[in-house]
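Asker: return a 3D structure for these sequence lines:
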Amino acid sequence: VTEGSELDVPEMPDLEVLTLGGGTRWTTVHSPIEAAVMVEVAGLVNAQSIEAPLLTVRADGTLSHPPGGGRSLEINVTDVVIETGGAIDVSSRGYGANETYPGATLNTDNEGAGSHLGEGGERGNNTPGSTYGSVTRPQEAGAGGRHDTNGRRGGGVVRIEAETVSLEGAVRANGGDATTTEWHVPGGGGSVWITAPTITGEGLIEARGGRDIAGSYSRHGGGGAISLEYGTLSAAIESSLVVRTGGDDGDRGGSGTIYLYGSSSTYGDLVVDNEEINGRWTILPSLGGGIAQENSGGQTLVTDRAEMIPAYFVGHWVEVRSADDTVKGIWRIESVDGVTVTLEAGADVIEGDQWQGVYRFDTVMVTGNAKLRSYDPMLVSEVVVTEGSELDVPEMPDLEVLTLGGGTRWTTVHSPIEAAVMVEVAGLVN
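Answerer: Model prediction:
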């Protein structure tokens, strides 16, 4: 399928090789792709799902998905090869102008940049769009810029499950950039979630906010989310993960999140890095807490939330305590239905128990002028806050070691500090 053509066939059961793209126009496949041998991308290609033993994106290839906040690119293959110069790129394929995740709020400024896990840039005292989405299993698009005619789209969504990923090119889910100085408002970064025992190469992965080019009048998009689950990850790729805001002038957004779960992880590591840009906050979505309601029992927790629980809380942790405040256990959410969640096997909830959403990591790193805030407690043993960054978390009851400072800027912790082993200060710290 080539030269800007389109294909929509419900089934091709004997398909072995599918070659896509060529020329300067977008080639589109509307139906799910299943090939017995290989899918090859050589040109500009839109698709929504691919299953095959081998996916190869050639040096002149770009694989994306059609625009729309509910769209994504799902790749389930044995091997992914992205050559130098090739890309899986869903930048500017997320929510459109004045659109955000259902239940999230838009900016109060009609010219504010899109948010995701990082807040989008805003003028003056206006309120940024609310943050949303999963840190560990990101599948949410970035919000669009707030402008009736010139809002840019947010970043789209990439999900890859493979045995090996050979990445010499790029995987991108960046927010849409402004293309002129005339009030084009960037979008928020999208989502990249890769699960593969082996991730090799010297390529890069990005889910940054969109960039404005209006100088001191700029408003830059908030960062999105990258999650990598792996056995082996090349050092070159680990050092080339980008979730910062779009730019360093005007009104700057907040960093997105990087989640790393390797072979030795228990809960995984969180990195928040705005790459030396002093912008807005990275705010982790809050599940909140309360009392288990009638019909709670076993794995079923009927919460007392006033609002429906977003689907992105699947995989989130919930701490359950008995009425006398004894911890009964901490379990992950397996499914969400309205204000009810189903917890993983082994959960033991009864009506009247206390419940509290919590974040759980092995380590947390906040760096590069990033600002991390969570309204829910965070269970983590080691935290590093450095390079002028800020941390605001109500409780970290499992904290053992906190390292603060570094560089020439003031690092700030807004919440009380309690550590079981050590607090180390190496630089300027508030």
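
Asker: do you know how far Asp392 is from Ile258?
Answerer: Using Cβ to Cβ, to the nearest Å, one gets 19 Å for the distance from Asp392 to Ile258. Backbone N, C-alpha and C define where each C-beta goes, glycine included.

Asker: higher neighbour count, those two?
Answerer: The neighbour count for Asp392 versus Ile258, taken as other Cβ atoms under 10 Å, is higher for Ile258 (24 against 15).

Asker: where does pLDDT dip in this protein?
Answerer: Where the chain drops to pLDDT under 70, the residues are 181-183.

Asker: ok, and what's touching stretch 403-414?
Answerer: 369, 382-392, 402, 423-430 (Cβ atoms under 8 Å, 6 or more residues apart in numbering).

Asker: and Gly144, backbone torsions?
Answerer: When read as degrees, to the nearest 10, the backbone of Gly144 gives phi -80, psi 160.

Asker: for it, what are its contacts?
Answerer: 94-100, 114, 151-154, 176, 187-188.

Asker: of these, which belong to helices?
Answerer: With helices taken from DSSP state H, there is no overlap with those.

Asker: which of those sits closest to Asn278?
Answerer: Among these, Gly188 lies closest to Asn278 (Cβ to Cβ), at 18.3 Å.

Asker: roughly how far does the closest one sit from Val302?
Answerer: 33 Å.

Asker: the residue lying closest to Val57 once chain neighbours are set aside and Leu7, how far apart?
Answerer: Distances taken as Cβ to Cβ, 6 or more residues apart in numbering place Gly86 nearest to Val57, at 4.0 Å, with adjacent residues excluded. Separation of Gly86 from Leu7 (Cβ to Cβ): 21 Å.

Asker: and the strands in the stretch 151-300 of the chain?
Answerer: For the stretch 151-300 of the chain, the strands defined by DSSP state E, counting those that start in this stretch cover 157-161, 164-167, 170-172, 191-200, 204-206, 225-233, 241-242, 257-261, 269-273, 282-284, 289-291, 297-298, 300-302.

Asker: against which helices or strands is the last one packed?
Answerer: The contact analysis (3 or more Cβ pairs under 8 Å, 6 or more residues apart in numbering; DSSP states H and E) places strand 300-302 against strand 340-343.

Asker: C-terminal to the strand it packs on, what's the next element?
Answerer: strand 349-350 (DSSP states H and E).

Asker: just give me the neighbour total for Asn430.
Answerer: 10.

Asker: need the contact list for it.
Answerer: So Asn430 contacts Trp410, Thr411, Thr412, Val413 (Cβ under 8 Å, 6+ apart).

Asker: so the third one bridges to which residues?
Answerer: By that I understand Thr412. Applying DSSP bridges to Thr412 gives these bridge partners: Glu390.

Asker: and it, how far is that from Asp392?
Answerer: Computed as Cβ to Cβ, the Thr412 to Asp392 distance reads 9 Å.

Asker: please name the nearest non-neighbouring residue to the residue nearest the centre of the chain.
Answerer: The centre of the chain sits closest to Ala225, judged by Cα atoms, centre = their mean, with a distance of 1.8 Å. Distances taken as Cβ to Cβ, 6+ apart put Pro138 closest to Ala225, at 3.5 Å, once the chain neighbours are dropped.

Asker: which secondary structure element contains the one you found?
Answerer: Assigned by DSSP H and E, Pro138 belongs to no helix or strand.

Asker: burial measure for the residue nearest to Val57, as a count.
Answerer: 23.

Asker: any idea how far the residue nearest to Arg93 when sequence neighbours are not counted is from Gly145?
Answerer: In space, and not counting its chain neighbours, Arg93 is closest to Gly156: 3.2 Å by Cβ to Cβ, 6+ apart. Distance, Gly156 to Gly145, by Cβ to Cβ: 15 Å.

Asker: got it, and Gly289?
Answerer: Taken as Cβ to Cβ, the span from Gly289 to Gly145 is 34 Å.

Asker: which of those two has more residues huddled nearby?
Answerer: A direct count of neighbours by other Cβ under 10 Å for Gly289 and Gly145 places Gly145 higher, at 37 against 19.

Asker: can you tell me the helix or strand for that one?
Answerer: Using DSSP H and E, no helix or strand contains Gly145.

Asker: quick one: the residue nearest to Ala225 and Leu228 touch, right?
Answerer: No - with contact defined as Cβ atoms under 8 Å, Pro138 does not reach Leu228; the gap is 10.7 Å.

Asker: overlap in contacts of these two?
Answerer: Tyr259.

Asker: more crowded one of the two?
Answerer: Shown here are Pro138 and Leu228; by other Cβ under 10 Å, Pro138 has more neighbours (28 against 23).

Asker: can you tell me how far the closest residue to Arg71 other than its chain neighbours sits from Gly120?
Answerer: Nearest residue to Arg71 in three dimensions, chain neighbours excluded: His65, at 5.0 Å (Cβ to Cβ, 6+ apart). Going from His65 to Gly120 by Cβ to Cβ gives 22 Å.
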